[in-house]
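# This is the structure alone, sequence omitted:
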């Protein structure tokens, strides 16, 4: 099966890149570290653009699109280290399906974060928290405690949920579906980040000369970059497969989303470490952008489960197919 994008999706990617690049960038991520600046482009702008609410049905005020559409946008968001994460919007769209509050999310009147074990993605700035309690989906306000961030664009915080309201009494399967869709979008963001950081390494390898030759002409550097390229392209196939499965083949989604999550975690980290090595001394400095992608890799590796648990899930599901 061909999992490549069609022209409509390429046009969507171009539009998303144009919008996101107006405010989100490694420079904006650096400003968050250095100055405590706000996340870019921010919840309000993402909702206003319509990109964040693509998977919300039209009757609830959303775009009426599918997971693949959102994954295409998420790849561009990852390239630019944009925030907040589209993962939170994707999971909320699944968990609140058929609920009147979904329209509030589409209008930007509700800022949602989904509570997992450990620090919560996009907890900073959220006013409503969704959680699974004794098998039931619940919502409520929460108290957020923010630690010193590794990657401030992720808005991580420890959340204590306040008085809760039960939304769905038996929501275990719904929660799993939301998690799998979230993993798919997280992997798409990782794909974008890994693609961009690889481009930085290739560009530098062509420009930097040593002993009268571009460093990219040396086999040691070539092999580093080519190995990373192969990983990125393998991840690309897994991301589009998982997004397609979410829309058209729900039986394949558990395996596809776990595989995409596992690959994204290791690929982005490897890509960031490779570009730091290719850049040599300057790659290790605060002034270079490489560490911003490395920070994203270190955080994303543990979101929605770590890569080890995802690989274990892939093995278990593959054996039982």
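Arrived safely, thanks for sending. Just so it is clear, the structure is predicted and the values come from calculations on it, not from any experiment.
# CA atoms for contacts and neighbours, from now on please.
Noted.
# Let me see the ranges of the helices in the stretch 51-200 of the chain.
Remark: helices assigned in the stretch 51-200 of the chain by DSSP state H, counting those that start in this stretch are 67-79, 86-95, 101-107, 172-207.
# any chance of those helices in CSV, with mean pLDDT too?
Shown next, in CSV, are the helices of the stretch 51-200 of the chain (pLDDT from 0 to 100):
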stretch, mean pLDDT
helix 67-79, 98
helix 86-95, 98
helix 101-107, 96
helix 172-207, 97
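# of those helices, which approaches residue 248 most closely?
Checking the helices of the stretch 51-200 of the chain against residue 248 by C-alpha to C-alpha gives helix 67-79 as the closest, at 9.9 Å.
# Based on its surroundings, how many neighbours for residue 209?
13 (other C-alpha atoms under 10 Å).
# ugh, typo on my part, it should be residue 100
Residue 100, neighbours per other C-alpha under 10 Å, totals 10.
# how close does the closest residue to it other than its chain neighbours sit to residue 197?
In this structure, residue 100 finds its nearest non-sequential neighbour in residue 60, 7.9 Å apart by C-alpha to C-alpha, 6 or more residues apart in numbering. Distance of residue 60 to residue 197, given as C-alpha to C-alpha, to the nearest Å: 37 Å.
# ok so, going back, now mean neighbour count too, for the helices of the stretch 51-200 of the chain, in JSON lines please.
Output for these, formatted as JSON lines (neighbours: other C-alpha atoms under 10 Å):
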{"stretch": "helix 67-79", "mean neighbour count": "27"}
{"stretch": "helix 86-95", "mean neighbour count": "26"}
{"stretch": "helix 101-107", "mean neighbour count": "20"}
{"stretch": "helix 172-207", "mean neighbour count": "24"}
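# what's the closest of these to residue 265?
That would be, of the helices of the stretch 51-200 of the chain and by C-alpha to C-alpha, helix 172-207, which comes in at 7.4 Å.
# Name all residues that make contact with the residue nearest to residue 100.
100, 102, 103, 106 (C-alpha atoms under 8 Å, 6 or more residues apart in numbering).
# Which helix or strand lies directly C-terminal to the helix or strand of the chain with the lowest mean pLDDT?
When each helix and strand of the chain is scored by mean pLDDT, DSSP states H and E, strand 209-210 comes last, with a mean of 90. Under the assignment DSSP states H and E, the closest C-terminal helix or strand after strand 209-210 is strand 213-214.
# Give the rounded mean pLDDT of that next one.
For strand 213-214, mean pLDDT is 93.
# Average pLDDT for the next helix or strand after that strand, rounded please.
For strand 213-214, the following helix or strand on the C-terminal side (DSSP H and E) is helix 219-248. Here helix 219-248 scores 97 as its mean pLDDT.
# Which neighbouring elements make contact with helix 219-248?
Secondary-structure packing of helix 219-248 (3 or more C-alpha pairs under 8 Å, 6 or more residues apart in numbering; DSSP states H and E): helix 67-79, helix 172-207, helix 253-279.
# can you pull the buried residues of that helix?
By 16 or more other C-alpha atoms under 10 Å, the buried positions in helix 219-248 come out as 221-222, 224-225, 228-229, 231-232, 234-236, 238-247.
# can you give me phi and psi for residue 50?
phi 90, psi -10 (degrees, to the nearest 10).
# Now for it, how many residues are close by?
By the measure other C-alpha under 10 Å, the count of residues near residue 50 is 16.
# Export the contacts of residue 60 as a markdown table, with columns for distance to residue 143.
Output for the contacts of residue 60, formatted as a markdown table (distance: C-alpha to C-alpha, whole Å):
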| residue | distance to residue 143 |
| --- | --- |
| 100 | 24 |
| 102 | 22 |
| 103 | 24 |
| 106 | 24 |
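# And those residues, which is closest to residue 306?
Using C-alpha to C-alpha, residue 102 is the member of these that sits closest to residue 306, with 29.0 Å.
# Please report the distance of that closest one from residue 40.
23 Å.
# Check residue 220 too.
37 Å.
# likewise residue 318?
39 Å.
# nearest residue to residue 80 other than its sequence neighbours?
residue 25 (4.6 Å).
# ok now do the one you found, which residues does it touch?
80, 81, 82 are the contacts of residue 25 under C-alpha under 8 Å, 6+ apart.
# secondary structure class for the residue nearest to the last one when sequence neighbours are not counted?
To tie it back to what came earlier, the one meant is residue 82. Of all residues not flanking residue 82 in the chain, residue 24 sits nearest, at 5.2 Å (C-alpha to C-alpha, 6+ apart). Three-state call for residue 24 (DSSP: H, G, I helix; E, B strand; the rest coil): coil.
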